[in-house]
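Undergrad: please find the sequence and the predicted model below.
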Amino acid sequence: MTSWPQAVALAAKRLEAAGVHSPRVDAELLAAHVSGLKRAQLLIADAPTPAQLAEFDALVARRATREPLQHLTGSAAFRYGELAVGPGVFVPRPETELLVDWALTRLPKGGTVIDACSGSGAVAHAIATERPDATVWAVEVDSDAFEWLESNLDGTGATPVLADATAAGTLAELDGTVDLVTANPPYVPFDIEVAPEVDFDPTGAVYAAEAGLAVIQPLAVRAAAWLKPGGWFGFEHDDTHGTVAPEILNVSGFTDTEDHDDLAGRPRFATGRLGLSP
């Protein structure tokens, strides 16, 4: 009878051969998902039932096609929470947690936040749950992603808004009153090669025209309108945008502009402060 450690070892070899970045971890997480156990418990767990083994093998086969692990388990870890994800919504990446770290240092007590291009609601969820004193709005234009957003923000106090974040009329009632705007917009240039897993993300949440800047440029203008003087805007961008992203902020009325690297040393997000009125 095949044990869980044996099944995991075989699965890890299969995933490694398929080019999966973390084959052992993914195999263990899939086994934990099927068995209902924690990864550490798999070493001493009872052998999987034939039904569990069949389910596990089927999930491993799908992961070997590079279908995202999070689609298979139905959830993605982000900071201190778990988000429901699946087809139709962008799977949040760990590097986006750095944007949240920065945002929390700029958010005044009782402040108002707009998270634009919110997708699964990862950033909005983190800010709302870690800073319950804040008022958080999460804006998403895609109706499929918005269903995931609504579900993930339920009970957090954050308000989901189905709208185009770059449109002048979106949350216009908040113009000039917002303390912080965050965004993880579509920003990948069409000609950039990406990992196979990205093919499972919604195209509109990943790619943007004009060298990946088609959303970032109008969003900077909209953020400047939402913010009160001295308010902050931070957005994630492609690693080819390390120079141009702060420049977009500069021409959109922001000062103290800066670009920030991710943990791998790649340019990852840009920040700026709306200029104070004279």
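TA: Good, I have the coordinates. For clarity, every value in this text was computed on a predicted model and none was experimentally measured. Residues are numbered from 1 along each chain as shown.
Undergrad: show the contacting residues for the residue most central in space within the chain.
TA: With distances taken as Cα atoms, centre = their mean, P92 lies nearest the centre of the chain, 2.8 Å away. Contacts for P92 (Cβ atoms under 8 Å, 6 or more residues apart in numbering) come out as A76, F78, L83, V85, G119, S120, A122, N184. Just so you know, the C-beta spots here come from the backbone N, C-alpha and C atoms, and that holds for glycine as well.
Undergrad: G119 is in contact with the last one, correct?
TA: When you say that, I think you mean N184. Yes. Assessed by Cβ atoms under 8 Å, N184 is found in contact with G119 at 6.8 Å.
Undergrad: what sits in contact with each of these two?
TA: Residues touching both N184 and G119 by Cβ under 8 Å, 6+ apart: F90, P92.
Undergrad: of those two, which one has the most company?
TA: For N184 and G119, the more surrounded residue by other Cβ atoms under 10 Å is G119, and the numbers stand at 29 against 25.
Undergrad: pretty sure that one is touching G88, no?
TA: No. Contact criterion Cβ under 8 Å: G119 and G88 do not qualify, at 10.1 Å.
Undergrad: need the overlap of contacts for these two.
TA: Common contacts of G119 and G88, defined by Cβ under 8 Å, 6+ apart, comprise A145, W148.
Undergrad: what about A11, which SS state?
TA: Using DSSP: H, G, I helix; E, B strand; the rest coil, the structure places A11 in helix.
Undergrad: next one: V113
TA: Assignment for V113 (three-state DSSP): strand.
Undergrad: so how far is S252 from it?
TA: Noted for V113: a distance of 19 Å to S252, by Cβ to Cβ, to the nearest Å.
Undergrad: and what of L263?
TA: In this view, L263 and S252 are 28 Å apart by Cβ to Cβ.
Undergrad: mind listing residues that contact the helix or strand hosting L15?
TA: Assigned by DSSP states H and E, L15 belongs to helix 4-17. Identification of contacts with helix 4-17 by Cβ under 8 Å, 6+ apart yields 23-24, 26-28, 30-31, 35, 42-43, 45, 47-48, 53, 56-57, 60, 63-64.
Undergrad: any buried residues in stretch 51-64, and which?
TA: Buried residues in stretch 51-64, counted by 16 or more other Cβ atoms under 10 Å: Q52, L53, E55, F56, D57, L59, V60, R63, A64.
Undergrad: if you could redo that for stretch 34-41, that was the one I meant.
TA: By 16+ other Cβ under 10 Å, the buried positions in stretch 34-41 come out as V34, S35, L37.
Undergrad: tell me the mean pLDDT for it?
TA: Averaged across stretch 34-41, pLDDT comes to 91.
Undergrad: before we move on, what about stretch 75-95?
TA: 93.
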